[in-house]
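S.K.: Take a look and give me a structure for this.
(one chain, ligands or ions: 1)
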Amino acid sequence: MLTTLASLHRQLVVSCQAAPNDPMEDTDTLRRVARSAVLGGAKALRLNSPQDIRAVRLDTQVPIIGIQKSYRGGMLRITPTFADAAALAAAGADIVALDCTDRTHSYGEPWREIVARIKAELNVLVMADIATLRDGIAAAQAGCDLIGTTLNGYTEETAGTTSFDFELVGAIASATQRPVVAEGHIGTPTEARRALDAGAWCVVVGSAITRPGTITANFLRAIDAPVSHGIAHAIGIDIGGTAIKAAIVNSTGEVSSHISIPTQASGGRAVIAASLLEAVRQTLATASVHSIGLTGIGIASAGAIDAENGIVFAATENLPGWAGFDIRGFLAGHTSLPIFVENDAQAAALSELHYGAGRGLSSFVALTIGTGIGGGLVVDGKLQRGQHGFAGTIGHQVIRFDGEPCNCGRNGCLEAYVSTAALIRAYQAPKPLEGDDATKARNIANLSIAGDPAARAAYTTLATHLAEGLANVFNILDPEAVIVSGGLIEGQPTFLEELQQKTQSLLHFGTKRPPRILHATAGHYAGVQGAAASVFNAHSE
Ligand SMILES: CC(=O)N[C@H](C=O)[C@@H](O)[C@H](O)[C@H](O)COP(=O)(O)O
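M.R.: This next block holds a predicted model:
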């Protein structure tokens, strides 16, 4: 039996079954399908009923996983009794699989009893068909030899899952140390390979190989999808400290079906990840309802991002526990769409490049001013991420030696002088403002727009400090422009002009090369658009 198990390691098992009442539901037909699969290289088969097993055994000695499907009471149960298991073993199955989910079964015997009797009375391995990690752990404790993800998506708890859950495989493998069979919803060779790389012992593929009706329907779905006239769509997601924005974005930058979900950042990594998943699920569902074919999912997140691997390299306590999180790996367990991850400020720069003030520019720096300063750097029409994702971190250049404390732990960073908090500090109010920092800053912004001298003076202070930083940027990089954005400076009548003059006066040979400072035009959804742009960019490369 151990050699059977060893022979399956990293191999493909083909499930040769037909849906009830399908024209393929015929033992001789499935026998031929099985023979063909073995000729093609399948190292094992999964078959339903003693009858099919006996027929296929006449042709091949490859291991057979035997099941007895039962649909009594309208509910599918795999191998509901010990007698079923014994009949499968007698017909030639090497492995008997049975339903080990913890849902209530309206008929048959308790699965633990069946497992115990198979182990005591039959000379076969036992495979647990499960739906969740919890089921997998229980099955391992009950002594099952293999654990298969077969029923993920088919129980009430997991209903709605129509793609393979790569994360589940890894989680069961590490929690149980048992061989895990990746089974159910594996639609392509790439997914089969990915399941093995995610920790599966072997892969079972059924419908994608042996059900012509399902394969045909899949082709038709793609053919019948609305004509897109060359316009692609992607999901764009922007993870911020308070909200996660998500939308469907087309390749011209148009944003639709946008939603916003509270990040609940104080809950830490698991809670933020759950909010992210919810945003992805809702947007995928919307795309599906409207039959919108998606090219991929782009995620913009605060923190320094290892874009190549889709991992958060470093993050501040605005997103507690976020540092080190494998965003791509996490989402890959829930969708087969390709996933791209960018830093949020770098995504905003991408958005300006493709859909905003950066169109037609080949080199620029885009800054977003808010609770801090985010920056993105574009050179020769390409976003520069740097070796660790930190390129464009304009906010942490020191402009005052021993100056104001910065939240990075140093003193005198530009960000300590140009931010929401800095604006509030600079505002010498006749009477103190009410509310939280965001409310206070909004009030100052409105007062300044209305011409209030104290508010205008606060903005002048901000411009004076930002000019120090921008002069450095122009001196070091000599870009075509700097593009600035952020609610704080939107609609401020004289801010940009003042900033431009102050920067020029500090700049080396400033009169010969007046710095070009532009307002961003991508707008409120810049992060979401930029995240989607990273998907389209990857496809055009
Ligand atoms: C839920 C259920 O009844 N699963 C059955 C189990 O044997 C089969 O119908 C599936 O075809 C098999 O699991 C392989 O999955 P997929 O066909 O998605 O590759």
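S.K.: Stretch 192-209: how far from the chain's middle?
M.R.: 20 Å (Cα atoms, centre = their mean, to the nearest Å).
S.K.: From the centre of this protein, point out the most distant residue.
M.R.: Distance from the C-alpha centroid of the chain, by Cα atoms, centre = their mean, peaks at residue 430 (48.5 Å).
S.K.: From residue 445, how far out is that residue?
M.R.: As defined by Cβ to Cβ, to the nearest Å, residue 430 lies at a distance of 17 Å from residue 445. C-beta coordinates here come from the backbone N, C-alpha and C atoms, glycine included.
S.K.: for residue 381, same thing?
M.R.: In terms of Cβ to Cβ, residue 381 sits 33 Å off from residue 445.
S.K.: Quick check: what element follows the helix or strand containing residue 287 along the chain?
M.R.: Element membership of residue 287 [criterion: DSSP states H and E] is helix 269-289. Using DSSP H and E, the helix or strand that follows helix 269-289 in sequence is strand 297-301.
S.K.: circling back to that earlier point, please spell out which residues along the helix holding residue 287 are buried.
M.R.: When neighbours are counted by 16 or more other Cβ atoms under 10 Å, the buried residues of helix 269-289 are found to be 269, 271-273, 275-277, 279-280, 283-284, 286-287.
S.K.: With stretch 142-157 instead?
M.R.: For stretch 142-157, by 16+ other Cβ under 10 Å, it's 142, 144-155.
S.K.: Which of the helices or strands spans residue 518?
M.R.: strand 517-519.
S.K.: Tell me, please, the helix or strand in the protein that averages the lowest pLDDT.
M.R.: Sorting the helices and strands of the chain by mean pLDDT, DSSP states H and E puts helix 212-224 at the bottom, at a mean of 79.
S.K.: In its sheet, which strands sit next to whichever helix or strand comes after that one, and in what direction?
M.R.: On the C-terminal side of helix 212-224, the closest following helix or strand by DSSP H and E is strand 233-239. Here strand 233-239 has these sheet partners by DSSP bridges: strand 243-250 (antiparallel), strand 297-301 (parallel).
S.K.: give the contact list for residue 215.
M.R.: Residues counted as contacts of residue 215 (Cβ atoms under 8 Å, 6 or more residues apart in numbering) are 207, 208.
S.K.: Return the list of helices and strands in contact with the helix holding residue 287.
M.R.: When contacts are defined as 3 or more Cβ pairs under 8 Å, 6 or more residues apart in numbering; DSSP states H and E, helix 269-289 packs onto strand 233-239, strand 243-250, strand 255-262, helix 327-332.
S.K.: Work out for me the element residue 473 sits within.
M.R.: Element membership for residue 473 (DSSP H and E) is helix 453-477.
S.K.: For that helix, buried residues please.
M.R.: For helix 453-477, by 16+ other Cβ under 10 Å, it's 455-456, 458-474.
S.K.: Go through the strands paired with strand 233-239 and pick out the most buried.
M.R.: Compared across these, strand 297-301 shows the largest average neighbour count, a mean of 29 (mean count of other Cβ atoms under 10 Å).
S.K.: could you dump that strand to PDB, C-alpha only?
M.R.: C-alpha atoms of strand 297-301 as PDB (Å, rounded to 0.1, in the frame of the first residue of the first chain):
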ATOM      1  CA  ILE A 297      -6.500  41.600 -10.400                       C
ATOM      2  CA  GLY A 298      -4.300  44.500  -9.400                       C
ATOM      3  CA  ILE A 299      -3.800  45.400  -5.800                       C
ATOM      4  CA  ALA A 300      -2.400  48.600  -4.500                       C
ATOM      5  CA  SER A 301      -1.300  48.500  -0.900                       C
END
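S.K.: Looking at the strands paired with strand 233-239, which is nearest to residue 507?
M.R.: Counting by Cβ to Cβ, residue 507 lies closest to strand 297-301 out of these; the figure is 31.2 Å.
S.K.: how close does residue 402 sit to the ligand?
M.R.: 64 Å (Cβ to the nearest ligand atom, to the nearest Å).
S.K.: Residue 403 now?
M.R.: 61 Å.
S.K.: Per-residue confidence at that residue, what does it come out as?
M.R.: On pLDDT, residue 403 comes in at 93.
S.K.: Confirm that residue 56 sits in a strand.
M.R.: No. Using DSSP: H, G, I helix; E, B strand; the rest coil, the assignment for residue 56 is helix, not a strand.
S.K.: what's near enough to touch it?
M.R.: Counting by Cβ under 8 Å, 6+ apart, residue 56 makes contact with 16, 30, 31, 34, 35, 45, 47, 64.
S.K.: How about the strand holding residue 518, which residues are buried there?
M.R.: Buried-residue list, strand 517-519, by 16+ other Cβ under 10 Å: 517, 518.
S.K.: and if you look at stretch 77-91?
M.R.: Along stretch 77-91, these residues count as buried under the neighbour rule (16+ other Cβ under 10 Å): 77-82, 84-89, 91.
S.K.: so where is the stretch 51-200 of the chain shaky, pLDDT-wise?
M.R.: 73-74, 160-161 (pLDDT under 70).
S.K.: 90 instead?
M.R.: Applying pLDDT under 90 to the stretch 51-200 of the chain flags the ranges 71-76, 103-107, 153-167, 187-188, 190-191, 194.
S.K.: quick one: the strands in it?
M.R.: Taking DSSP state E, counting those that start in this stretch, the strands of the stretch 51-200 of the chain run over residues 64-67, 69-70, 77-78, 95-99, 125-129, 146-148, 180-183.
S.K.: In CSV: the ones you listed, plus distance to residue 482.
M.R.: Shown next, in CSV, are the strands of the stretch 51-200 of the chain (distance: least, Cβ to Cβ, whole Å):
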stretch, distance to residue 482
strand 64-67, 62
strand 69-70, 65
strand 77-78, 63
strand 95-99, 62
strand 125-129, 59
strand 146-148, 56
strand 180-183, 49
